[in-house]
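> what would the 3D arrangement of this be:
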Amino acid sequence: MSVTKTFTVTVVSTGSGNKYVIDGVQQDTVILGEGGTYRFDQSAASNSTHPLLFSTTDDGTHGGGSNYTTGVTTVGTPGNAGAYTQIVVADPAPQLYYWCLNHSGMGGQANTVPMDQATSVWGGNSPSVAWNENSWQSNSMTMTVTGQSATSSI
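Just a heads-up that it's a prediction; the model follows:
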């Protein structure tokens, strides 16, 4: 099975402790499509001693929950080349959270949605409005594609 999306995971130290950074966003809420395969790349050195896990409870065992293992595979040691946590999201799947085995308060939400909603969320992995939500009225966007410009109205 091919990977639907790979997230790059790093860890930063803040005034309130260490935090996961997902694709450059601290404690980002990620969107996981049911039936999809998602890899959380933990090969950056900052991940050392910070194994990323999943739970149905915010902050996993630190929040009184347990480790969610359905479809989850871990490879290697965080902070070393090739290390990752991968999840094949169940269909249907519960609300999930990512968390650190060794330290509380590092993680965030992993919202599970039907795959068609996951692929239509504006901004990819960010928590935002899907194309079929709310009233868009008249919006315009300009984009540049390989040196060409185009303007479109929605």
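> which parts of stretch 47-56 are buried?
Within stretch 47-56, the residues that count as buried by 16 or more other Cβ atoms under 10 Å are 47, 50-55. Placement of C-beta: from N, CA and C, glycine included.
> spatially central residue in this structure, please.
Val30 (3.2 Å; Cα atoms, centre = their mean).
> let me know the pLDDT of that residue.
For Val30, the pLDDT comes out at 96.
> surely it touches Asn111?
Yes - with contact defined as Cβ atoms under 8 Å, Val30 reaches Asn111; the gap is 7.1 Å.
> what sits up against stretch 40-51?
6-12, 18, 20, 22, 52, 74, 76-87, 98, 100-103, 106 (Cβ atoms under 8 Å, 6 or more residues apart in numbering).
> among these, which ones are buried?
Using 16+ other Cβ under 10 Å as the burial test, the contacts of stretch 40-51 include 7, 9-11, 18, 20, 22, 52, 74, 78-79, 83-87, 98, 100, 103, 106 as buried.
> show me these that map onto strands.
7, 9-11, 18, 20, 22, 52, 74, 84-87, 98, 100 (DSSP state E).
> returning to that earlier point: tell me the bridge partners for the residue nearest to the centre of the chain.
Ala110 (DSSP bridges).
> against Gly107, how distant is it?
Counting by Cβ to Cβ, to the nearest Å, the separation of Val30 from Gly107 is 10 Å.
> which neighbours do those two have in common?
Shared contacts of Val30 and Gly107, defined by Cβ under 8 Å, 6+ apart, are found at Tyr98.
> for the chain, what are the low-confidence residue spans?
For the chain, applying pLDDT under 70 flags the ranges 1-2, 120-154.
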